[in-house]
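Visitor: just to be clear, the model below is a prediction. Sequence and coordinates:
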Amino acid sequence: MESLLQSLLGDNLLTVVLYCALPLVFLLLYALLAILGEVKISAWMQDRLGPMRTGPWGIIQPIADVFKLLQKEDITPAKADKFLFNLAPFLSFMSAYAAFAVIPFSSQYVGADLNLGLFYLLAISSLNVAAIIMAGWASNNKYSLYGSMRAVAQIVSYEVPAAMVLVIIVMFVGSLNLQDITTAQSGPFWNWMVFGGPKQDVVLASGEVLSASWVNLIFLPFFLASFLMYYIAGLAETNRTPFDIPEAESELVSGYHTEYSGMKFAMFFMSEYANMFLVSAVVAVLFFGGWNSPFGVYLGDAFDAPWLVAVEQFGWLAFKGLFFVFVMIWVRWTLPRLRVDQLMYMSWKVLIPFSFGIALVVGFLVVIL
Amino acid sequence: MTESMEVLKAGIASGRLKTDELVLNMGPQHPSTHGVLRLELVLDGEIVVKVIPQMGYLHRCFEKHAENMTYPQVVPYTDRMDYLAGMNNNHGYVLAVERLMGIELPERVEYIRIIMAELQRIASHLVAIGTFGMDIGAFTPFLYCFRDREYILDIFERTCGARLLYNYMWVGGLSHDIYDGFLRDVADFIKKFRPTVVEVNNLLNYNKIFIERTANVGVLPADVAVSYGCSGPMLRGSGVDWDLRRDDPYSIYDRFDWKVITGDGSAGTLGDCWDRHMVRVWEMEESCKIIEQALESFPAEGDIASAIPKRIRPAKGEIYTRVENPRGELGYYLIADGSANPFRLKVRGPSFVNLSVIDEISRGHLIADLVAILGSIDIVLGEVDR
């Protein structure tokens, strides 16, 4: 696909660098917003004000936080494995950031338009596990070790139902490419997967025509359940409440990043927030139409301005992603935490059988319809 | 315990799974040890094999101090034991001295003391409930509880100037009379407070995850509770119907109509963490009832200082007085030798006694359960160490 940026800047090194850097710019801005959201939303839920001194209503608090972290002493514990200890936070962030390559931010922008997009997503986000166990092991601290063991067990367990849900969508759309999955849901909001998928014929990027009709409404309950399962698994993979046992404050102080300070801690923090948005964006792409406008039309089309369409599309994806990040924050300040064995039970005995069952039914339906 | 845990335990027991024990220090600087308690945990993976509580980080020689001070000088020190329930601590101590000296108190003093003690009980239980929620991982109910505790502390502050360490109850009387509008403030508080209980119930206590985390965890059978000498919500949570306010009445508690809350095991097993927690929740309602009745029959006139003796010098003798502290039976064993200082003052602290049962009830549980159990015991280290 001839993308807007390429047509504007030409096919040179600058374009490539810009392509790589754009999500990072977005991610940094988003992280600031999410940190502010976390403190402010929790404050509203808890009948307090939150930060009020840094700027009007404390809106520059996240920037102050970042500066504070920058000024902190960079401590490496004496008995730690220095190489692994220093590598872990960056590997963690790298895995979170690399996954953004396949997220279609608009019809004009996707970092790498891979045919194996979802497969790549699963593979690269699993690298986070390596970073976490690296951090836990290298810290030479019992609490860190416990935290990282829990995290690894948890993330590995929850990748199974998450992958199964992806399989369900892939079976339906017939493509692993996230751009294709998004295009398949174009049109008004009832074409989104969560409402049973497209109700009209769709032409995919590869030129293939996906024929569909109102019969697709039969998929609605299955896709709705898959969405909930994927979101729950996503919460667990990002170590968010109620699945935050790897960093359970009341038990393990702060789990695998207990020994980290300064910017290395900030990298873990960033990777957590990046992962939150990643899960939310994937949920938006898979089930809520990605960059598609819920109305099926764009303001840019009316003015015949393709750049405006691209911006609008980005806006819709960011909005949907941020909404699910908001839900994560909401859940975090509402629910207590599960216990280790309950968490495993939830994954192996509830989510996995259900996701396999739904995959079976959807596969069957896809074949006969 | 779920099925998977049983399988794991069976594997370990049969020798097919080889594991090593690990000693983990929890505390004294740890978010969930409620102060400076240090727990030495012997762990088998995540399973707790043994808990050895190490305490004394907050030991301030209260009992020895008391021997070198006059009787009224001891009162401020009692605040500092169980710093979440200063009023109840004052009450127990002054009661001991008053009984030793045979002082008859004016009605008004008794009423104010009851209202203060029950408000303090609510405040203390609010902290217990909030921090227990936080141990389980729910942060928000904690702040709701602290918001309402603030109203109580405001009333205390307006009455005696202090929010935490009051030195309010004196031998034979009180340090300050109530301020104008005190009764209205207390009545208003109770009106504001009742919806909070409903709110916390909806948000936390009947939350599925919360029940899963606390029911059937740390089960304390009634006979074990009695043999360890547990008291307060710890004992009542195990279904033992025992409350000193009713069974060994002091002050004017016998005049009020209220009931002793006991655990019923409705979420899991009788005597689990959830029962202990809910006993505290419902006890706050009973305290509200007592306060309401006290407000109704509150004597309009009276001098709070009329019974304060000029010279506090009890005759030779000894006495054991116990009161129902929010955490259980707080006893003062006082020996007077006829001088102005107590010869010996021994305190029986409920937190200290309740804490001793932790090893018994947390063996075989997970680390996360241990945190829940410790939270449900509701210790205050100031009183454990004294």
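Guide: That came through, no problem. Numbering: from 1, shown residues only, chains lettered A, B, ... in the order given.
Visitor: now the phi/psi pair for the closest residue to chain B within the stretch 51-200 of chain A, please.
Guide: Residue nearest to chain B within the stretch 51-200 of chain A (CB to the nearest CB): A:K142, separated by 5.3 Å. Heads up, the C-betas are built off the backbone N, CA and C, glycines and all. Per-residue torsions, A:K142: phi -60, psi -40 (degrees, to the nearest 10).
Visitor: for it, grab the count of nearby residues.
Guide: A count of nearby residues for A:K142, using other CB atoms under 10 Å in any protein chain shown, gives 17.
Visitor: which strands and helices sit next to the one helix or strand B:D275 maps to?
Guide: Element membership for B:D275, per DSSP states H and E: helix B:273-296. Counting by 3 or more CB pairs under 8 Å, 6 or more residues apart in numbering or on different chains; DSSP states H and E, the packing neighbours recorded for helix B:273-296 are helix B:107-136, helix B:182-200, helix B:208-214, helix B:233-237, helix B:367-377.
Visitor: list the buried residues for the helix or strand following the shortest one?
Guide: This points to helix B:233-237. Later in the chain than helix B:233-237, the nearest helix or strand by DSSP H and E is helix B:244-247. By neighbour count with 16 or more other CB atoms under 10 Å in any protein chain shown, helix B:244-247 contains the buried residues B:L244, B:R245.
Visitor: same deal with stretch A:120-127?
Guide: Neighbour-count burial for stretch A:120-127, with 16+ other CB under 10 Å as criterion, is recorded at A:Y120, A:L121, A:I124, A:S125, A:S126, A:L127.
Visitor: got a list of contacts for it?
Guide: Residues from elsewhere that reach stretch A:120-127 (CB atoms under 8 Å, 6 or more residues apart in numbering or on different chains): A:91, A:94-96, A:98-99, A:101-102, A:112, A:114, A:155, A:159, A:162-163, A:166, A:178, A:237, A:275, A:278, A:282.
Visitor: filter these down to the buried ones, ChimeraX style.
Guide: In ChimeraX syntax, the buried subset of the contacts of stretch A:120-127 is picked out as below (16+ other CB under 10 Å):
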select /A:91,94,95,96,98,99,101,102,114,155,159,162,163,166,178,237,275,278,282
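Visitor: out of the contacts of stretch A:120-127, which are inside helices?
Guide: With DSSP state H as the criterion, helices contain A:91, A:94-96, A:98, A:155, A:159, A:162-163, A:166, A:178, A:237, A:275, A:278, A:282 from among these.
Visitor: before we move on, back to that, got CSV for the helices and strands packed on helix B:273-296, with mean pLDDT and distance to chain A too?
Guide: Conversion of those to CSV gives the following (pLDDT from 0 to 100; distance: least, CB to the nearest CB, whole Å):
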stretch, mean pLDDT, distance to chain A
helix B:107-136, 90, 4
helix B:182-200, 88, 10
helix B:208-214, 87, 5
helix B:233-237, 89, 19
helix B:367-377, 87, 5
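Visitor: give me whichever of these is most buried.
Guide: Across the helices and strands packed on helix B:273-296, the average number of neighbours (mean count of other CB atoms under 10 Å in any protein chain shown) peaks for helix B:233-237, which reaches a mean of 29.
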